[in-house]
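Q: take a look and give me a structure for this.
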Amino acid sequence: MSAAAGMRFAHVVVEGPIGVGKTTLARTLAAHWGARLVLEQPAENPYLARFYEHMGTPQGRGRGNPLALQTQLSFLFQRVEQMKELGQGGMFDHGVVSDFLFAKDAIFAMLTLGDEDLALYRQIYKRHSAQAPQPDLVIWLQAEPDVLMARIRRRGIEMERHITEDYLGSLCRGYVRYFANHRGAPVLAINTEVFHPSENPADFRRLLDRIDGFKGPFELFDPPDPPGRGADGQIGDTVAGGLIEL
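A: Residues are numbered from 1 along each chain as shown. So this is what the prediction gives:
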């Protein structure tokens with residue numbers, strides 16, 4: 001694969017749980033490198049808003065959400081079409097930055113689908129996953145669930161108001177489990193609690209330096225707290241929040 005000028009990796013994926021800032025960072029990186037931007041399209045999933053609504057009810061929590069299978073399959077087929085497009089010749093000539101791994105859908109599916117639906121989903125997923133192009137670098141953004149919750153509330157997307165902190169905690173743990181067994185593209189994991197590369201130009205330059213100096217296959221970038229932050233703001237290596245070096 002070739003890449004845009006100054007872009008070390010031809011295909012970069014920015015990943016992480018809901019609210020961590022992956023789409024914003026993907027946009028920022030693509031604009032900086034002059035690369036093609038490929039984003040997931042949650043607004044085009046006709047089941048997602050109702051899936052979140054059910055999350056706010058006792059029946060819709062955990063693996064009991066009645067819209068889970070429809071929601072997951074809708075996302076899966078959306079990503080299949082995007083991966084087909086990426087698989088066409090010349091798509092990586094100027095580099096690609098996206099805000100999702102094809103495999104991320106399985107992380108969500110294991111949290112929300114019952115056993116029978118999960119078995120069906122896995123059959124469909126397996127049929128399509130081999131066709132997905134492998135990225136050259138995954139940037140895994142991390143933050144504690146309470147921080148994610150605050151960011152979600154701040155951005156104020158209506159259908160996300162039913163998301164719970166418990167769900168975000170489960171999602172963070174799902175990402176940790178996935179990357180603990182990940183054998184694909186190299187991974188740069190970043191603690192974003194006090195590091196904001198999409199908002200702070202100095203942080204963005206530090207991120208670019210980390211990417212340029214990346215040796216892999218797995219590196220954790222955990223920037224120190226800024227002066228004045230108290231001990232209660234420290235980040236631990238707890239699985240609960242997903243801040244962990246694998």
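
Q: okay, CA-based contacts and neighbour counts for the rest of this
A: Fine.

Q: quick one, strands of this structure?
A: Assigned by DSSP state E, the chain shows strands spanning 11-15, 36-38, 96-98, 137-142, 187-191, 218-221.

Q: quick one, which of those strands gets closest to L113.
A: strand 11-15 (21.4 Å; C-alpha to C-alpha).

Q: so what touches that closest one?
A: 3, 22-23, 25-26, 92, 95-101, 135-141 (C-alpha atoms under 8 Å, 6 or more residues apart in numbering).

Q: repeat the analysis, applying 6 Å as the threshold.
A: 22, 95-100, 135-140 (C-alpha atoms under 6 Å, 6 or more residues apart in numbering).

Q: pull that strand out as PDB, backbone CA atoms only.
A: This file holds the C-alpha atoms of strand 11-15, laid out as PDB (Å, rounded to 0.1, in the frame of the first residue of the first chain):
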ATOM      1  CA  HIS A  11      -4.400   2.500   6.500                       C
ATOM      2  CA  VAL A  12      -4.900   3.900  10.000                       C
ATOM      3  CA  VAL A  13      -7.900   2.900  12.100                       C
ATOM      4  CA  VAL A  14      -8.900   4.900  15.200                       C
ATOM      5  CA  GLU A  15     -10.900   2.800  17.700                       C
END
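
Q: for this protein, longest helix please?
A: helix 68-86 (DSSP state H).

Q: quick check: mean pLDDT across it?
A: For helix 68-86, mean pLDDT rounds to 92.

Q: tell me the buried residues in that helix?
A: Within helix 68-86, the residues scored as buried using 16 or more other C-alpha atoms under 10 Å are 68-76, 78-80, 82-83, 86.

Q: how far does it sit from its chain's centre?
A: Relative to the centre of its chain, helix 68-86 is centred 15 Å away, using C-alpha atoms, centre = their mean, to the nearest Å.

Q: what is it packed up against?
A: Here helix 68-86 touches no other helix or strand, going by 3 or more C-alpha pairs under 6 Å, 6 or more residues apart in numbering; DSSP states H and E.

Q: which other residues reach it?
A: For helix 68-86, using C-alpha under 6 Å, 6+ apart, the contacting residues are Y47, L48, T112, A132.

Q: can you put the strands of the chain in CSV and add distance to R127 and mean neighbour count?
A: Formatted as CSV, the strands of the chain follow (distance: least, C-alpha to C-alpha, whole Å; neighbours: other C-alpha atoms under 10 Å):
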stretch, distance to R127, mean neighbour count
strand 11-15, 22, 25
strand 36-38, 22, 19
strand 96-98, 22, 27
strand 137-142, 23, 24
strand 187-191, 25, 22
strand 218-221, 28, 16
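
Q: out of these, which gets nearest to E158?
A: strand 11-15 (22.4 Å).
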